[in-house]
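S.K.: Below are the sequence and a predicted model; questions follow.
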Amino acid sequence: MSHHLVSVTDLRFSYPDGTPALDGVTFTLHHGESVGLVGGNGAGKSTLLLHLAGVLRATSGAVRVGDWPVTPGTLREVRRSLGLVFQDPDDQLFMPTVEDDVAFGPRQLGLPEPEVEARVVDALGRVGAAHLRRRPPHRLSGGEKRAAAIAAVLAMGPSVLVLDEPSSNLDPAARRALIGQLRAFEHTKIVASHDLDLVLDVCRRVLVLSGGRVIADGPSDELLADDALLASARLERPLRLQACPRCRPG
Ligand SMILES: Nc1ncnc2c1ncn2[C@@H]1O[C@H](COP(=O)(O)OP(=O)(O)OP(=O)(O)O)[C@@H](O)[C@H]1O
């Protein structure tokens, strides 16, 4: 087995209408790393994440997850290793109750019912959502839906957790709780977000995406304080790295 858990090589993709979205993306990820994916609107973040999960198919280039090249023939294996939490939880939750949604993946894996139940309890507990178990997902608040969607992915037992804008629609307390949970998860993580303070709290490394290319790849605390780089990617320093010490929280 390769020592890289995820590897993306010269990935290129245009949408069917001809819109170019990824223009030669290359990076690798080791076991246990947490990487932030940052960049302005339309930089290609969501498109890249959809390729990791095999939802979109590259025009050219390659994605590998663990031992598997991501292709239509390997999606079962890829989905056991890598779980994507979609930007919009409504794309992910479709069962009558939260517990059905969280149990759905483990049941698809053919696990015995006691194991499914154990995974549901564990996953809901990890996101502080045990009390939502019997609620219909479509009646949850945005933050509650987010927690249920993360639980549904955790229940699959992936080694890589991929999250697209996980803090969007969260109130400050829910956002703070999410940051604590993400830091506690032992998974290898890829987090695409405009919330650069969250990225700084959760990820030691960042990939900066602009125009479908990785324009920088390095330590979060350095790259997210590089004003010229941030400006070229249509980003701004996170609050925590702002020059005025009195402006900083905590
Ligand atoms: N379904 C689609 N059909 C055609 N073009 C698309 C589609 N989805 C995205 N695009 C285009 O692909 C490019 C990359 O979009 P993508 O959603 O990956 O960016 P992003 O970095 O996730 O942006 P945001 O921060 O706004 O969510 C953009 O130019 C966008 O307009």
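M.R.: Thanks, I have the structure now.

S.K.: can we go C-alpha only for contacts and neighbour counts from here?
M.R.: Noted.

S.K.: For this protein, which segments count as strands?
M.R.: Remark: strands assigned in the chain by DSSP state E are 4-14, 20-30, 34-38, 60-65, 68-69, 82-85, 160-164, 188-192, 205-210, 213-219.

S.K.: what about residue 64, how many neighbours?
M.R.: Each residue near residue 64 was counted by other Cα atoms under 10 Å, and the total is 19.

S.K.: Report the beta-bridge partner residues of the nearest residue to it once chain neighbours are set aside.
M.R.: The spatially closest residue to residue 64, leaving aside those adjacent along the chain, is residue 7, at 5.1 Å (Cα to Cα, 6 or more residues apart in numbering). With DSSP bridges as the criterion, residue 7 is bridged to residue 28, residue 64.

S.K.: Surely residue 7 is in contact with residue 28?
M.R.: Yes - contact criterion Cα atoms under 8 Å: residue 7 and residue 28 qualify, at 4.3 Å.

S.K.: Tell me which of these two has more neighbours.
M.R.: The residue with the greater number of neighbours, taking residue 7 and residue 28 and applying other Cα under 10 Å, is residue 7; the counts read 19 against 14.

S.K.: how much space is there between the more buried one and residue 52?
M.R.: Noted for residue 7: a distance of 9 Å to residue 52, by Cα to Cα, to the nearest Å.

S.K.: where in this protein is pLDDT low?
M.R.: Under the criterion of pLDDT under 70, the regions of the chain flagged as low confidence span 1-3, 244-250.

S.K.: dump the residue contacts of the residue most central in space within it.
M.R.: Centrality entry for the chain: nearest residue to the mean C-alpha point is residue 163, 1.6 Å, by Cα atoms, centre = their mean. Taking Cα atoms under 8 Å, 6 or more residues apart in numbering as the criterion, residue 163 is in contact with 84, 85, 86, 87, 189, 190, 191, 192.
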